[in-house]
Structure formats: structure tokens, C-alpha cells
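> The sequence and its predicted three-dimensional model are supplied below.
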Amino acid sequence: MKSTANFLFIAAFALSGAPLFAAHELDGRDISAGRVLYADNCASCHGDNLEGEPNWRTPKDDGTLPAPPHDQTGHTWHHDNAMLFDYTRLGGQAFLDARGVRFKSAMPGFAEMLSDEDIWNVLAFIRSTWPERVQEMHVMRNPPHN
Ligand code: HEC
């Protein structure tokens, strides 16, 4: 059922002549700037090679989780762009509190340190490291929108 709906959705776009995944926020970003911003702001926790902290699925003594990898072994690519952006800008605590999720987050917010453009560049850099197959799966989580 779901796949039929998806098929119709995609077919409708193909017929309308619009680009299949228009307005994709991560397209046309500055990947080299994103790489530098990642090294300066994210690598200390998420790893120089996006590998995350060891045993990232096991909570620490204080109840927080270690930083997950941003490479294809993590779950970053499972999330749509808006979620990744908001989580980075607001930080985990504010993001989850706003949704009524009770969780102690160790992910800081970057609204004070990074511009919106900086954040998109970092996320575009992260995506650029994924194999094509994973990038395609991520695109499917970002349906066309304005
Ligand atoms: C002080 C350590 C720390 C720093 C620095 C940090 N993070 Fe995180 N991040 C975490 C932790 C820990 C989590 C796991 C979830 C939580 O605790 O909220 C996380 C989760 C995330 C998530 C949601 C989970 C996922 O895989 O999609 C995103 C997106 C994210 N971080 C992006 C970034 C980006 C981009 C930067 C740099 C601009 C960054 N983080 C810097 C600790 C950090």
C-alpha cells in the first residue's frame, strides 16, 4: 500500500515535469567549508572520520549517550534534513523537550556559533561522505517541498 502511494507520488512529479527532488537543502552547498566547520565543531565528539564515540549505543554513567557516528554506520542518514538542521541548531535537549521527549541529551546547540548556512554546509559535508546508495536512501526521506 505504502509503496503504491510512493509510486503515485513520484509518478505525479515525473509527469508534472518538476525536478524529482526539488529544493533539496543540501544541494549546491560549500562542502569544503563544511569539512572545516565539521573538524572545528563536531569532530571532538563525533570523530575525525565521523566514526562516533566507541560503544555509542551504550549509555554512559550519567545517562547520556555517547556521540553517534555520522558515517553510514550511524543513523544520521535515517533523518530528514529539517530534523538534522534543527537538532544541530537547537541542540538535542531543546529539540527533544519541544517534542515532549524525555531524554537527557549531550548534544550542544550551535545557534550561537554557526550561521544557518554554516549548518547546511556541515550537513552537506556529512552527506558527501556517504556512499551513493546511502545518499539515495537519504533523498527518499526528503520528499519535494518548497
Ligand atoms: C559535546 C559533544 C558533541 C559535539 C561537539 C557535537 N555533537 Fe552532535 N551529538 C552528540 C551526542 C552525545 C549525540 C547523541 C544524541 C544526544 O545526546 O542528543 C549527538 C547527536 C547528533 C545528531 C542527531 C543524531 C544523528 O545521528 O543524526 C546530529 C544531527 C548531530 N549530533 C550533529 C552534530 C553536528 C553537525 C555537530 C557539529 C556542528 C555536532 N553534532 C557536535 C554530541 C556532540
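That came through, no problem.
> CA only for contacts and neighbour counts going forward, please
Will do.
> okay, and the helix or strand of this protein with the least pLDDT?
Least confident helix or strand of the chain, by mean pLDDT, DSSP states H and E, is helix 2-16 with a mean of 46.
> Whatever helix or strand comes next after that one - what's its average pLDDT?
Next helix or strand after helix 2-16 toward the C-terminus (DSSP states H and E): helix 31-41. Helix 31-41 shows a mean pLDDT of 98.
> ditto for stretch 51-69
96.
> Same question for stretch 114-126.
97.
> Return the distance of it from the chain's centre.
Distance, stretch centre to chain centre, for stretch 114-126: 10 Å (Cα atoms, centre = their mean, to the nearest Å).
> Tell me which residues of that stretch come out buried.
By neighbour count with 16 or more other Cα atoms under 10 Å, stretch 114-126 contains the buried residues Leu114, Asp118, Ile119, Trp120, Asn121, Val122, Leu123, Ala124, Phe125, Ile126.
> Surely the fifth one and Ala33 touch.
Yes - under the contact definition of Cα atoms under 8 Å, Asn121 touches Ala33, with a separation of 6.6 Å.
> what residues does the chain put near the ligand?
Contact residues, the chain versus the ligand (Cα under 6 Å from any ligand atom): 38, 41-42, 44-45, 64-68, 70, 75-76, 84, 87-88, 92, 105-108, 122.
> Kindly recompute the last result at 5 Å.
Neighbours of the ligand within the chain, by Cα under 5 Å from any ligand atom: Asn41, Cys42, Cys45, Pro66, Ala67, His75, Thr76, Leu84, Gly92, Ser105, Ala106, Met107.
> And these, which of them are buried?
Of the residues of the chain next to the ligand, these count as buried by 16+ other Cα under 10 Å: Cys42, Cys45, Pro66, Ala67, Thr76, Leu84, Gly92, Ser105, Met107.
> Report the two of the residues you listed separated the most.
Pro66 and Leu84 (17.2 Å; Cα to Cα).
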